[in-house]
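Undergrad: structure for this input, please:
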Amino acid sequence: MAMETGLIVHPYMRPERTARQTFDWCVQQAVEADKIGFDSIMFSEHASQRWENIPNPELIIAAAARQTERIKFAPMAHILPHHNPAKLAIMVGWLSQILEGRYFLGVGAGAYPQSTYIHGIKNGEDTQFTNEMVRESLEIMERIWKREPFFYEGRFWNAGYPEELHGEEGDDQHMLADLSPWGGAPEIAVTGFSAKSPSMKFAGERGFRPMSIFSGLDALKTHWETYSTAAEANGHVADRARYHVSQTVFVADTDKEAKRLVMEGPIGYCFERYLIPIWWRFGMMDGFIKDAGADRADVDLEWVVDNVFCVGSPETVVDKINTLFEASGGWGTLQVESHDYYDDPAPWFNSLAMIQKEVAPKISLPVSVTS
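TA: From the prediction side, this is the model:
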């Protein structure tokens, strides 16, 4: 089974970009990725970050739906503590119907306390508390999708589904709209970030699709061990073919050209000003340093490009990903981290095309983990 390809769009736009520029670039990427043959595209949801400035991924998904034919969309993720679960359940159901199955749902608790504070939650740094909100929210959403009468009074929300009334023959005024998801229920995905992410355990318990933000081999191995243990304990099959891993990947004709385009282009600009500080803050850099056997003093942009990213010619990138597969056990979908190539998209779209045509077909999961 060959590795599938996807994009994840946070979107890492330069802070001076307008909302319209961000929106247009996101839709443009979806259209191009569909033409190239990518399998999926995910849009993050953030309400507080200047570089990660998509507060409503569903708007981008809806706009791109009519301009694409095959690619699947996902919010990655709707931050459940920030939403009324009944309202979100109805929106997700309708959007999945509009896409006629080209949709899966990413859910999460949120990584940025500032965003949680905006939504009226003062203790957003308490991950146990926000994960309890996730579980209650999802319980409500799943009950609404069943379209059976109930009323729920919970710790965080109240919600229900009314009993459908029936009038005389030909009287349709009491009929309830069927806004359940396409096929009855959506496939749900959960992202793991920290090495001891509770989200991976939750995904395994529920049989959801797991996704890891790559933060070093130890974290990747821990994510899969946590997920697979929880999945098997609850009667689910832990299939690496369903596993998504996001990584910074850039391909050009030669190693030298690929490195230059990354170092001097939007990826390098973003990492120097935003993501390298974020990686230090969240402890991700420590995992990368351990993998490389390096010292903290060694770390700069060039070190990250050489030791963390998958950057180079198609042959080099295939070798780097296969090395990660051998060390970690592999995954089913490479979710490429998107960046701000709004001003000159050609190098980015060329890289995506080479990933699809010259990299992904040469990478396969071992038969032992897909059977």
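Undergrad: so which bits of the lengthiest helix in the chain are buried?
TA: Secondary structure assigned by DSSP state H gives helix 127-146 as the longest helix of the chain. For helix 127-146, a neighbour-count test (16 or more other CB atoms under 10 Å) marks 127, 130-131, 133-134, 136-138, 140-141, 143-145 as buried. From N, CA and C alone the C-beta is placed, and that goes for glycine too.
Undergrad: output these as CSV; include the columns distance to residue 254 and pLDDT.
TA: Formatted as CSV, the buried residues of helix 127-146 follow (distance: CB to CB, whole Å; pLDDT from 0 to 100):
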residue, distance to residue 254, pLDDT
127, 44, 89
130, 45, 94
131, 46, 93
133, 49, 97
134, 45, 96
136, 52, 98
137, 48, 98
138, 47, 98
140, 53, 98
141, 49, 98
143, 55, 98
144, 53, 98
145, 50, 98
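Undergrad: which one of these sits closest to residue 81?
TA: residue 133 (4.1 Å; CB to CB).
Undergrad: need the contact list for the residue lying closest to that closest one once chain neighbours are set aside.
TA: Counting by CB to CB, 6 or more residues apart in numbering, residue 133 lies nearest to residue 81, which is 4.1 Å off, once chain neighbours are set aside. Contact analysis of residue 81 by CB atoms under 8 Å, 6 or more residues apart in numbering lists 109-110, 116, 119, 121, 124, 130, 133-134, 137, 156.
Undergrad: hmm, which two among those are most spread apart?
TA: 124 and 137 (15.0 Å).
Undergrad: any idea which helix or strand comes after the helix or strand hosting residue 189?
TA: For residue 189, the element it lies in under DSSP states H and E is strand 188-192. For strand 188-192, the succeeding helix or strand toward the C-terminus, using DSSP H and E, is helix 198-206.
Undergrad: same for that following helix, what does it pack against?
TA: helix 127-146, strand 188-192, strand 209-213, helix 217-233 (3 or more CB pairs under 8 Å, 6 or more residues apart in numbering; DSSP states H and E).
Undergrad: tell me the pLDDT of the nearest residue to residue 272 once chain neighbours are set aside.
TA: Nearest non-adjacent residue to residue 272, counting by CB to CB, 6+ apart: residue 301, 5.5 Å away. Turning to residue 301, the model gives it a pLDDT of 98.
Undergrad: state the number of residues packed around residue 301.
TA: Counted with other CB atoms under 10 Å, residues neighbouring residue 301 total 16.
Undergrad: looking at it, it is touching residue 268, isn't it?
TA: Yes: in this structure, residue 301 is within contact of residue 268 by CB atoms under 8 Å, at 5.7 Å.
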